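kindly return the folded structure for what I paste below:
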Amino acid sequence: MHFIVVGGEHVIRVRVPATAANIGPGFDCLGMALNIYNDIEVEEWNEGLSISILGEKCGDVPVDETNLVYTSMKKVFDRVGFFPKGIRLKQKNGIPVTRGLGSSAACIVSGMIAANALAGFPIDKKELLRMAVEEDGHPDNVVPAMMGGITAACVDGGEVLYVKIQPPESIKFAVMIPDIKIKTVKAREIIPRMIPLEDAVFNIGRTAMLVASLMAGKTGNLFAATQDRLHQPYRKVLIPHWDEVYSHSLELGARGVFLSGSGPTIIAVLDRDYSDFIRHMKEFVSSFEQRWEVRLAEFCHHGVEMC
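Numbers count the residues shown, from 1 in each chain. The predicted structure follows:
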């Protein structure tokens, strides 16, 4: 995470990336930042609260005190005793909402970063990260949103521990987004509270293999390393055409395929023939009853920025 401050003295502009949590087996601990962004512009003014929304599904985003960017700002303001007369917030959403791409984490992170800047930077980076993870409930989206790249993270005694993983430069992603909504709460409720020991062992092995393979550049391991038994077998029933998209992605040469966060977005890992994959997959999903968006994405290595 690094900050670049330009523009007016009292206007804060923040850009935060989309994130894909879990990356298959790394439930609630692995995540990666993608070059799909939300942008916010915040300033203090004298006329109460004003919120305007542009971009992805803007009609679904509240423009009152329940707006997640604003409530996240309030957490910081209340913590440091900063009480602005009013806030004007402009929010441009490039991250699809309720599609498993970390839109909630993006709102939390951008709001807290902006509020901390308005208040004069009283909270350091480490504490902001802890506050954002606490607000979101787990670190798999928040940490890569703030730090960029691929991260492995956990919370230990209230402290957020993370390691940033340097992936192979050749890797890109096909991000396949069906036009359906899956709320995180529903996607968590469908997962059983108890799992067989063999499934736990399976995921531990795949998570370790995934991290090691990414660090070593062993993309040939990613088919096995992105497999999961904790959440994807249960969540896939919420996603029309999961099996067809998964299988066809592999047929088109994807190194691995996984559910992004709680879904419904499906991500294929590519290390070659990027444009061909996107073209063929667009043709494939065009016959489905739901509209699917298929786009090529890359890592966002830097995480959140003020710009």
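
show me the shaky parts of the stretch 101-250 of the chain.
Applying pLDDT under 70 to the stretch 101-250 of the chain flags no residue at all.

which positions within the longest helix seen in the chain qualify as buried?
Longest helix of the chain, by residue count under DSSP state H: helix 197-216. For helix 197-216, the buried set under the neighbour-count rule, 16 or more other CB atoms under 10 Å, comprises 202-203, 206-207, 209-211, 213-214. Every C-beta, even on glycine, is put in place using the N, C-alpha and C of the backbone.

next one: that helix to chain centre, how far?
21 Å (CA atoms, centre = their mean, to the nearest Å).

just to be sure, Arg88 is in a strand?
Yes - counting by DSSP: H, G, I helix; E, B strand; the rest coil, Arg88 falls inside a strand.

residue numbering should commence at 463 henceforth.
Got it, the first residue is 463 from now on, which makes the last one we talked about Arg550.

check contacts around it.
504-507, 509, 512 (CB atoms under 8 Å, 6 or more residues apart in numbering).

returning to that earlier point: what helices or strands is the longest helix of the chain leaning on?
Secondary structure elements in contact with helix 659-678, counted by 3 or more CB pairs under 8 Å, 6 or more residues apart in numbering; DSSP states H and E, are strand 492-506, strand 621-627, helix 684-687.

state the phi and psi torsions of Ala579.
With angles defined as degrees, to the nearest 10, Ala579 sits at phi -70, psi -40.

ugh, wrong one, Gly486
According to degrees, to the nearest 10, Gly486 has phi 100, psi -100.

can you give me the separation between it and Thr646?
Computed as CB to CB, to the nearest Å, the Gly486 to Thr646 distance reads 18 Å.

more neighbours, the two?
Neighbour count, other CB atoms under 10 Å: between Gly486 and Thr646, Gly486 has more, with 25 against 17.

nearest spatial neighbour of that one, skipping sequence neighbours?
Spatial nearest neighbour of Gly486, chain neighbours left out: Thr688 (3.5 Å); criterion: CB to CB, 6 or more residues apart in numbering.

and for His742?
Leu714 (5.5 Å).

likewise Lys744?
Lys744 sits nearest to Val756 (CB to CB, 6+ apart), 4.8 Å away.

for Arg561, same thing?
Thr727 (4.9 Å).

what about that neighbour, how many neighbours?
For Thr727, using other CB under 10 Å, the count is 23.

in the strand or helix carrying Glu597, which residues are buried?
Element membership for Glu597, per DSSP states H and E: helix 587-598. Judged by neighbour count (16+ other CB under 10 Å), helix 587-598 contains these buried residues: 590-598.

likewise for stretch 756-765?
In stretch 756-765, counting by 16+ other CB under 10 Å, buried: 756, 759, 761-762, 765.

endpoint to endpoint, that stretch covers what distance?
By CA to CA, to the nearest Å, the extent of stretch 756-765 from end to end equals 23 Å.

what sits up against it?
463-464, 478-480, 494-499, 606-612, 629, 633-639, 736-737, 740, 743-744, 747.

distance from it to the middle of the chain?
11 Å.

re the thing from before, list the ones among the contacts of stretch 756-765 that fall in strands.
478-480, 494-499, 612, 634-639 (DSSP state E).

parallel or antiparallel, which strands does the helix or strand harbouring Val617 pair with?
According to DSSP H and E, Val617 maps onto strand 612-618. Strand 612-618 sits in its sheet next to strand 492-506 (antiparallel), strand 621-627 (antiparallel), going by DSSP bridges.
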